[in-house]
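Colleague: Need coordinates for the below:
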Amino acid sequence: MLTMTNMPMTASHPLQISRVIAADIKLSHSIFALPFALLAAFLVATRTGGSPDWLRFSGQLILIILAMISARTVAMLANRILDRKIDAANPRTQNRAIPSGRLSLRDAVITLVGSALFFMVICLAFGIFFTNWWPLILGLPVLAWIAAYPLLKRWTWACHLYLGSALALSPIAVAIAMNPDALMVLPAIWFIAAMVMCWVAGFDIIYALQDESIDRSQGISSIPAYFGASKALWLSRILHLFAIISLIIVAQIEPLFGILFWIGTALVIALLVYEHITIARWGTSRMALAFFTLNGIISCVLGAMGIIDTLIN
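Modeller: Prediction:
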């Protein structure tokens, strides 16, 4: 535990606060959802309007990227704020910015509110520049949904599915922002969202294996704490099987996806199998590989292959 003699200094300068927050919420983990958001953007732009108007499309892409970063900042800061006492009691998380004292609760709340306001300004920009007011109408409900995950894990083991749904909103929200009619004519978007939901829920269960015993002692309703590690791993495998099935359906029903997307699908299957082999053999000792590296590759490979296929076809 931290003592008064080794307690780190609390960030006070805005630049220091920004650096502490960026490191604590791991902005690099935006890589899990962003490629699917960009894939949805290219798919909607091409399938609902022919060849994209690149000037208009570039403006939409910039807004989408800014919205993704600000929304994730809101979600992660809500997690850190609501879980600060839980994090302080967990040896794995007690060095996070708020429980360690590097970030004050006040600065975390101010940054959360500022990020939420920035997100809503972006939603307003879709209305002003692209005459699409749905992002503004749905902006606050979306923020509320993605920020509520810490509350879910206090009373239901289905919290992993809820987290998956929060990331699965990204391709759906992007489709609405690009063209509100897209969800009616592009069923592939729904199956991409289903793939993301099952994939994220599956690897979040794996990530939660690290805290099985302490979650149980603190009354946190994670799947490993509720069912045990062995059953949790089987549930993760089942979810990843559903993710693979959803992905294959996407490859089958979307006419713009060809050989490259199929190659990406095959690589995703291989990486998911390798992820589960790694966990089965090494347990949580190689979590950086099983959680971040492999899943980061999955999102980037699939997003890139889908986007290239869309442009080619």
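
Colleague: ok, how many other residues are close to the closest residue to residue 294 other than its chain neighbours?
Modeller: Ranked by Cβ to Cβ, 6 or more residues apart in numbering and with sequence neighbours excluded, the top spatial neighbour of residue 294 is residue 275, at 4.8 Å. Yep, even glycine has a C-beta here, placed from its N, CA and C like the rest. Residues near residue 275, counting by other Cβ atoms under 10 Å, number 23.

Colleague: got it, and residue 259?
Modeller: Neighbours around residue 259, by other Cβ under 10 Å: 11.

Colleague: Looking at it now. What's its pLDDT?
Modeller: Note on residue 259: pLDDT of 95.

Colleague: Helices along the stretch 151-300 of the chain, start to end?
Modeller: Using DSSP state H, counting those that start in this stretch, the helices of the stretch 151-300 of the chain run over residues 159-178, 182-185, 187-208, 212-218, 223-227, 229-253, 259-282, 287, 294-312.

Colleague: For the fourth one, buried residues please.
Modeller: So the one you mean is helix 212-218. Neighbour-count burial for helix 212-218, counted by 16 or more other Cβ atoms under 10 Å, picks out 212, 214, 215.

Colleague: before we move on, what about the longest one?
Modeller: Neighbour-count burial for helix 229-253, counted by 16+ other Cβ under 10 Å, picks out 229, 232-233, 235-237, 239-240, 242-244, 246-247, 249-251.

Colleague: which among the residues you listed gets closest to residue 27?
Modeller: residue 243 (24.4 Å; Cβ to Cβ).

Colleague: got the contact list for the closest one?
Modeller: 194, 195, 196, 198, 199, 202, 272 (Cβ atoms under 8 Å, 6 or more residues apart in numbering).

Colleague: which among those gets closest to residue 135?
Modeller: Looking across the contacts of residue 243 and measuring by Cβ to Cβ, the closest to residue 135 is residue 196, at 19.4 Å.

Colleague: That closest one and residue 19: what is the separation?
Modeller: 29 Å (Cβ to Cβ, to the nearest Å).

Colleague: Ok, residue 214 next?
Modeller: Distance from residue 214 to residue 19, by Cβ to Cβ: 29 Å.

Colleague: Quickly find the element holding residue 114.
Modeller: Under the criterion of DSSP states H and E, residue 114 resides in helix 105-130.

Colleague: any idea of the angle that helix forms with helix 159-178?
Modeller: Between helix 105-130 and helix 159-178, the angle comes out at 30 degrees (axes from the mean of the first three to the mean of the last three Cα atoms, to 10 degrees).

Colleague: Please point out which parts of the longest helix seen in the chain sit buried.
Modeller: The residue-count maximum for a helix in the chain (DSSP state H) belongs to helix 54-82. Residues 57, 60-61, 63-65, 67-82 are the ones in helix 54-82 that count as buried (16+ other Cβ under 10 Å).

Colleague: Quick check: which helices or strands does it pack against?
Modeller: Counting contacts by 3 or more Cβ pairs under 8 Å, 6 or more residues apart in numbering; DSSP states H and E, helix 54-82 is packed against helix 14-24, helix 34-49, helix 97-100, helix 105-130, helix 134-147, helix 149-152, helix 159-178.

Colleague: Can you tell me which of the ones you listed is most buried?
Modeller: Comparing the helices and strands packed on helix 54-82 by mean neighbour count (mean count of other Cβ atoms under 10 Å), helix 159-178 ranks first with a mean of 24.
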